[in-house]
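Enquirer: Can you look at this prediction? I've put the sequence above it.
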Amino acid sequence: MKHRWLAAVGLAVLATSGGIAQTAAVTDDPHIWLEDREGAKPLAWVETENKRTLARLEADPRYPTFYAEALEIASAEDRIPMPQIINGRVFNLWRDKAHPQGIWRVTSAADFASANPEWTTLIDLDALSQAEGRKWVWKGVTCLEPDERRCLVALSEGGEDATSLREFDLQTGTFVKGGFDLPASKQNADWIDADTLIVSRDWGEGTLTKSGYPFVVKILKRGQPLASAQEIHRGTPDDIGTWPSVERDALGNRAIVITRAKTFFTSDILLWDGTRAVKVPLPGKVEVNGLVSGQLVVRTSETWRKVPEGALASLPLKDALEGRGDLVTIFAPGPRQSVDRGNVAVTDSAVIASVYDNVRGRAMVFTPSGEGWKSRALDLPDNLSVDLVTAEHGGDRGYLTISGFTTPTRLMAFDASSTAAPVAVKSSPARFDASGLVVEQFEARSSDGTMVPYFLVHRDGAPKDGSTPTLMTAYGGFEISNTPYYSGITGKLWLERGGAFVLANIRGGGEFGPKWHEAGRKTKRQLVFDDFAGIARDLFARRITSAEKLGIYGGSNGGLLMGVELTQHPELWGAVTIQVPLLDMLRYEGIAAGASWVDEYGSVSVPEERAFLASMSPYHALRKNGRYPEPYIWTTTKDDRVGPQHARKFAARMKEYGLPYLFYEDTAGGHSGDADIAQGARLQALQTVYFAQKLIGPGAP
């Protein structure tokens, strides 16, 4: 599956350099100097705060054990090597203790299915970083179809969203000397032919939107300097950004797609025919998923004529190229169903999608049939999450994973052209002792009477006296679903030691389609916060846990959720971890890529929306005499999406008010903290120590 533009600008599970737009008055903000992301003075402040926090958390006798266990799981040699199919072969980015940044490697499909595949290393990121004096983080690859020999490799320095693109030859296993080499930018590129790319990037002054993303699309020829590229489409600086992609099908059809994102959720879809870009008659809230049998496949997030919201639909490419035609429904989800955003792929003859029913997954295959489509479900176990991993171009094979809270991940091979059941080719061994654990799904009543589901994982027979240390998390935004998943680290470090875990399916997410998201967007967002608090109260009513034993955590948009819950309902939590968060909601539009998310949060330029943002902004809600549980706030310097500015300022305000807090900022890793496996293990261990200190107290591992 190709990377979509939403992955680049979204706040998912898990920008500019931090320029400051005039989004709110700053005369009364004594901490605005901390918005200088890589300034010497702010980094000196960070160093001081880090020393204080690490002195406490790393000194805890449990820290070495937590870190060792987390690192062992993250670097385990028997974990599943997640595949990408390119030209019939299986590729994988692998990290371990010897290769903490990773190696990109390849094997045959047949050998991949064996117990011990023989891999050939193509790129060693650790060696490349050492040779070039830069910490390269893998960000994906885009190959020229149909032969898929030449590829564009995306590398990020330190984990930023900005990437460098380099041409790589899969046949020789080397970077192409004198080949395409695009310097670092927030950019997107795809292949039109062997000597031609379609690219959106920073072309120089005046070519980035207010969000820090490109809005100018150009054609770049082999050997041509960037300055000579031919412009073919231009959005506006007020857009979110513009991204090109090239879709092909088995019949030889090609669609050169330009997605002009006017807001985070609304886009114009255009097709370039070699001379002009034609706007396709599609709803504004739509995503292009690929091309199958001459049909452009899309997922909608709004009702469009006869096609309901949240549906998969198709449009003949020949009609789309002429700017006409109408959508045909492929699949319309029911009231408790959703087509999982980001989990739709195409093969030569079919569309594959993860469909959730009451937050329980299945995989569906849709194939063209006459004037419509026929469907079938892949034969998979019930009540587990289903995630598409990769689907091949030039065939119908692919891989998906199934997993659950206590069910280790299994990698399944499928053939979309066959009725045979998917076959397990790899299985992750259990990473923790799940014996005695039970998984239950409950519903809690929110402030408006809506019943909001959540999952609870706990030890069978645990006392119903409110004494169980419990961790709870949620996301609640951007139509992104939170579904059951197997986490060896959470299981080993927390569940195995007697703790409980809660996954909340609050509004703002996509668990029940676009309506579930829309119910918590902009000025309706208080319902998202109320949903989360309502689940906490339901846990207390069931005597599962209590306020002093309940810890919560969330990142990015989930970090905003945590900041709001800390300030609005401090009495409900014993511990709060706030990860890579948005917290200053009166200035978020001018920090990093904040302007991208106005369609989710609202804007200070709209009086009604500004009033709501002011009422819920955690940075402004803190009170000097407030009684808050001591939060643990962490972020990364290299985060160029949300930026570390929010976390810094929030911690500084708590310090100003004499309130207890812990703050830690890692110097690498970007928004997702993914620079290497050691960083991820360290962040997990630090967070678990914090929760153990607050919810369990002192003690041995």
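Expert: That came through fine. Remember, it's a predicted structure, so these values are computed and weren't measured experimentally.
Enquirer: can you give me the strands for the stretch 551-700 of the chain?
Expert: Along the stretch 551-700 of the chain, counting by DSSP state E, counting those that start in this stretch, strands occupy 575-579, 631-636, 662-666.
Enquirer: mind giving me JSON lines with these and columns for distance to Q684?
Expert: C-beta coordinates here come from the backbone N, C-alpha and C atoms, glycine included. Shown next, in JSON lines, are the strands of the stretch 551-700 of the chain (distance: least, C-beta to C-beta, whole Å):
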{"stretch": "strand 575-579", "distance to Q684": "11"}
{"stretch": "strand 631-636", "distance to Q684": "11"}
{"stretch": "strand 662-666", "distance to Q684": "12"}
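Enquirer: Between these, which one is closest to T275.
Expert: For the strands of the stretch 551-700 of the chain, distance to T275 was read as C-beta to C-beta. The smallest value, 44.4 Å, belongs to strand 631-636.
Enquirer: what's the angle from the closest one to strand 575-579?
Expert: Strand 631-636 and strand 575-579 are oriented at 20 degrees to each other (axes from the mean of the first three to the mean of the last three C-alpha atoms, to 10 degrees).
Enquirer: quick revisit: pick the most deeply packed of the strands of the stretch 551-700 of the chain.
Expert: strand 631-636 (a mean of 28; mean count of other C-beta atoms under 10 Å).
Enquirer: C-alpha coordinates for that one, PDB please?
Expert: Taking C-alpha atoms only, strand 631-636 is exported to PDB below (Å, rounded to 0.1, in the frame of the first residue of the first chain):
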ATOM      1  CA  PRO A 631       1.700  14.700  35.600                       C
ATOM      2  CA  TYR A 632       4.500  13.200  33.600                       C
ATOM      3  CA  ILE A 633       4.900  15.300  30.400                       C
ATOM      4  CA  TRP A 634       7.200  14.000  27.600                       C
ATOM      5  CA  THR A 635       8.000  15.100  24.100                       C
ATOM      6  CA  THR A 636      10.800  15.100  21.500                       C
END
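Enquirer: partners of that strand in the sheet?
Expert: strand 575-579 (parallel), strand 662-666 (parallel) (DSSP bridges).
Enquirer: Identify whichever of those lies nearest to E58.
Expert: Per C-beta to C-beta, nearest to E58 of the strands paired with strand 631-636: strand 662-666, 10.3 Å.
Enquirer: for the chain, which spans come out with low pLDDT?
Expert: Confidence mapping of the chain against pLDDT under 70 gives the ranges 1-27, 669-675, 700-701.
Enquirer: JSON lines for the strands paired with strand 631-636, including distance to A55?
Expert: Formatted as JSON lines, the strands paired with strand 631-636 follow (distance: least, C-beta to C-beta, whole Å):
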{"stretch": "strand 575-579", "distance to A55": "18"}
{"stretch": "strand 662-666", "distance to A55": "10"}
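Enquirer: Could you point out which of those strands sits nearest E49?
Expert: That would be strand 662-666 among these, by C-beta to C-beta, at 4.5 Å.
Enquirer: Which residues are in contact with E247?
Expert: R254, A255, V257, V288, G290, L291, L296 (C-beta atoms under 8 Å, 6 or more residues apart in numbering).
Enquirer: are any of those residues buried, and which?
Expert: A255, V257, V288, G290, L291, L296 (16 or more other C-beta atoms under 10 Å).
Enquirer: Okay, and the beta partners of the second one?
Expert: Under the criterion DSSP bridges, V257 forms beta bridges with S245, L271.
Enquirer: ok, it to E392 distance?
Expert: In this view, V257 and E392 are 20 Å apart by C-beta to C-beta, to the nearest Å.
Enquirer: same thing with the fourth one?
Expert: Counting by C-beta to C-beta, the gap between G290 and E392 amounts to 12 Å.
Enquirer: swap in the fifth one?
Expert: Distance from L291 to E392, counting by C-beta to C-beta: 14 Å.
Enquirer: Same check on the last one?
Expert: Spatial separation of L296 from E392 under the definition C-beta to C-beta is 20 Å.
Enquirer: ok, which stretches of the stretch 1-150 of the chain are helices?
Expert: Counting by DSSP state H, counting those that start in this stretch, one finds helices in the stretch 1-150 of the chain at the ranges 5-9, 40-57, 63-74, 109-112, 125-132.
Enquirer: Just send those helices back as CSV, with distance to E665 and mean neighbour count too.
Expert: CSV is the format used below for the helices of the stretch 1-150 of the chain (distance: least, C-beta to C-beta, whole Å; neighbours: other C-beta atoms under 10 Å):
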stretch, distance to E665, mean neighbour count
helix 5-9, 23, 19
helix 40-57, 5, 15
helix 63-74, 18, 19
helix 109-112, 39, 16
helix 125-132, 22, 15
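Enquirer: Select, out of the ones you listed, the one closest to R149.
Expert: Within these, the stretch nearest R149 is helix 109-112; the backing value is 17.1 Å (C-beta to C-beta).
Enquirer: For the stretch 301-450 of the chain, just list every one of the helices.
Expert: 317-320.
Enquirer: Go through stretch 272-288 and flag the buried ones.
Expert: Applying 16+ other C-beta under 10 Å to stretch 272-288 flags W272, A277, V278, V280, P281, L282, P283, K285, V286, E287, V288 as buried.
Enquirer: For A255, which non-adjacent residue is spatially closest?
Expert: E247 (4.4 Å; C-beta to C-beta, 6 or more residues apart in numbering).
Enquirer: Correction: the previous question concerned F612.
Expert: T523 (4.4 Å).
Enquirer: what's the spacing between the one you found and L622?
Expert: 22 Å.
Enquirer: Dihedrals phi and psi, T490?
Expert: T490 has phi and psi values of phi -60, psi -40 when expressed as degrees, to the nearest 10.
Enquirer: ok, back up a step: show me which of the contacts of E247 is closest to F540.
Expert: Of those, the one sitting nearest to F540 (C-beta to C-beta) turns out to be V288, at 45.2 Å.
Enquirer: close enough to count as contact, K649 and L34?
Expert: Yes: if you go by C-beta atoms under 8 Å, K649 and L34 touch, sitting 5.3 Å apart.
Enquirer: re earlier: can you tell me which of the buried ones among the contacts of E247 end up in strands?
Expert: Judged by DSSP state E, the subset of the buried ones among the contacts of E247 located in strands is A255, V257, V288, G290, L291, L296.
Enquirer: Pick the one among those closest to E511.
Expert: V288 (23.2 Å).
Enquirer: OK, contacts around that closest one?
Expert: Neighbours of V288 in contact, by C-beta under 8 Å, 6+ apart: S245, E247, V257, T259, I269, L296, V297, V298.
Enquirer: which parts of stretch 174-190 are buried?
Expert: So stretch 174-190, judged by 16+ other C-beta under 10 Å, has buried residues F175, F180, L182, A184, S185, K186, Q187, N188, A189, D190.
Enquirer: so where do the strands sit in the stretch 201-350 of the chain?
Expert: For the stretch 201-350 of the chain, applying DSSP E, counting those that start in this stretch gives strands covering 216-221, 230-234, 241-248, 254-261, 267-272, 277-279, 286-292, 295-300, 312-316, 328-331, 337-346.
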